[in-house]
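*Asks:* Got a predicted model here, sequence first, then my questions.
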Amino acid sequence: MKAQLYTVVAFVCVSGAMAQQENNLTGLLENNLTGLLENLNLTDPQTQAEFFDFVEPKNLNTTIDCLISGGGDTCDARTGSVRTVLQELSASDYQCTTCDDNTQRVLNILLRDIRQSANPQQCQHLDEGLQLAAPLCS
C-alpha cells in the first residue's frame with residue numbers, strides 16, 4: 001500500500017513539474033514571439049505593405065527560399081525574424097495569445113496571404129524547410 005502511495009505521490013510531483021516546465025516554456029516562447037513581433041513592427045502601414053509584397057505570388061519562391069535559408073544578400077533583412085515567428089507560431093497552431101488585437105489581425109492577414117499565394121508544393125517545401133510543428137497551409 002505504501003509503495004502505491006509513493007508511486008502516486010511521485011507521479012503527481014513529476015506531472016506537476018512537467019506541466020510547470022511546459023507552462024514556463026510556453027511563456028518564454030510567447031514572450032520571445034511578442035518581442036520579435038514588436039521588432040518587426042507589423043502594425044505600421046508601411047511595414048504591412050512591404051510584407052504583403054513579400055508574399056505576393058510573383059515573389060513567393062524567392063521569399064520561401066529566403067525563409068528556408070534564413071536570409072542572405074538578396075533577402076529582406078527581416079527574413080530571420082519572420083522565419084522564427086513562423087516556427088514559434090507553428091508550435092501554437094498559429095495562435096498568439098499574447099498579441100494585441102491589431103498585431104493578431106496583421107498576422108492573420110499575413111498567414112492568409114501566404115496560404116492563398118502558395119501552391120501545395122511551396123507549402124510543403126516551406127513546412128519541411130522550416131521544420132514547422134504544424135503545417136502552414138493545411
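*Replies:* Yep, it's here.

*Asks:* Spatially central residue in the protein, please.
*Replies:* Leu89 (2.4 Å; Cα atoms, centre = their mean).

*Asks:* quick one: Leu130 and Gly70 touch, right?
*Replies:* No. Using Cβ atoms under 8 Å, Leu130 makes no contact with Gly70, being 9.5 Å away. Bear in mind the C-beta positions are built from the backbone N, C-alpha and C, glycine included.

*Asks:* out of these two, which sits in the more crowded spot?
*Replies:* Between Leu130 and Gly70, counted using other Cβ atoms under 10 Å, the more crowded position is Leu130 (18 against 13).

*Asks:* From Asp101, how far out is that one?
*Replies:* 26 Å (Cβ to Cβ, to the nearest Å).

*Asks:* how about the helices in this protein?
*Replies:* Along the chain, the stretches classed as helices by DSSP state H are 2-40, 45-54, 60-69, 79-91, 101-117, 120-130.

*Asks:* if we can go back for a sec, now the common contact residues for Leu130 and Gly70.
*Replies:* Arg83 (Cβ atoms under 8 Å, 6 or more residues apart in numbering).

*Asks:* How many neighbouring residues does the nearest residue in space to Asn59 that is not next to it in sequence have?
*Replies:* Leaving aside its chain neighbours, Asn59 sits nearest to Asp53 (6.6 Å; criterion: Cβ to Cβ, 6 or more residues apart in numbering). The number of residues packed near Asp53 is 12, by other Cβ under 10 Å.

*Asks:* Many thanks, we can stop here.
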